[in-house]
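Visitor: turn this into a model:
(one chain, ligands or ions: 1)
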Amino acid sequence: MKFFMDTAEVESIKKANELGMCDGVTTNPSLIMKSGRDQKQVITEICKIVRGPVSVEGIGDTYEEMMKEALEFSKWAPNIVVKLPMTKEGIRACKSLSEKGIKTNLTLIFSASQALLAAKAGATYVSPFVGRLDDISEDGMVLVSDILQIFFAYDIKTEVIVASIRHPMHVVEAAKLGAHIATMPAEVFEKMFKHPLTDKGIQMFKEDYKKSQDAKKK
Ligand code: G3P
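Guide: Down below sits the predicted model:
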């Protein structure tokens, strides 16, 4: 399973990358706003740090607007992936960009039918938002499971990026289902490392080592 960082915070991306855990990055206009930086400036910086795909999203509504933004984004770096909204216009842009060899990530996917449409339009990735479904008392992982069942049945090459991840168990559940990618905020990535018994065990081993050293001295 590939891990993407769902952030535009360069320091968090660097940290995950240094650990060899950052296979790519996803951003959206809200995450860019949170970073407080200019979109082009921060995305080009991220693209230099991370070798893997970096998703960037515009705000265009029409096919023409989306194509204009996408063609501009794709000039920024070779690892740019254009994020498109799951609308008819987005699907049309996805098809045109796929034909030009530009990678796409269809975002705001909330149903298996939307994922199937995106795959038929040649999307490189689809991003089902699990956390936002859980937030409204639906089960986001059921959607991931349905999409994967369809993609595996037809040997569809579109990869599933499980997005809107809220906690480590979302990553674990996505992995158990065989999802290709989990994109997660830095806080979730940090939490994945944590276990109180690991900390306690390290502490105990240190104390016992010190005791054995002290005993030798006597
Ligand atoms: O990449 C976008 C997605 O992960 C958004 O997450 O937490 O705003 O639902 P969230």
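
Visitor: only C-alpha atoms, please: export the helix-or-strand element of the chain with minimal mean pLDDT in CSV.
Guide: Of all helical and strand segments in the chain, the minimum by mean pLDDT, DSSP states H and E falls on helix 196-217, at a mean of 95. Taking only C-alpha atoms (Å, rounded to 0.1, in the frame of the first residue of the first chain), the coordinates of helix 196-217 have been written out as CSV:
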residue,chain,number,x,y,z
PRO,A,196,2.0,2.7,24.8
LEU,A,197,3.4,-0.8,25.1
THR,A,198,6.2,0.1,22.7
ASP,A,199,7.1,3.1,24.8
LYS,A,200,6.8,1.1,28.0
GLY,A,201,9.0,-1.7,26.6
ILE,A,202,11.7,0.6,25.5
GLN,A,203,11.7,2.2,29.0
MET,A,204,11.9,-1.2,30.7
PHE,A,205,14.8,-2.4,28.5
LYS,A,206,16.7,0.8,29.2
GLU,A,207,16.2,0.5,33.0
ASP,A,208,17.2,-3.2,32.9
TYR,A,209,20.3,-2.4,30.9
LYS,A,210,21.3,0.3,33.4
LYS,A,211,20.7,-2.2,36.3
SER,A,212,22.9,-4.8,34.7
GLN,A,213,25.7,-2.2,34.1
ASP,A,214,25.4,-1.1,37.7
ALA,A,215,25.6,-4.7,38.9
LYS,A,216,28.8,-5.3,36.9
LYS,A,217,30.4,-2.4,38.7
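
Visitor: what helices or strands is that helix leaning on?
Guide: Contact partners of helix 196-217 among helices and strands, from 3 or more Cβ pairs under 8 Å, 6 or more residues apart in numbering; DSSP states H and E: none. Where C-beta positions appear, they are placed from N, C-alpha and C, glycine not excepted.

Visitor: in that helix, what counts as buried?
Guide: Buried positions in helix 196-217, judged by neighbour count with 16 or more other Cβ atoms under 10 Å: none.

Visitor: which residues are contacting it?
Guide: The set of residues external to helix 196-217 that reach it, using Cβ atoms under 8 Å, 6 or more residues apart in numbering, is empty.

Visitor: I am finished for the moment; much appreciated.
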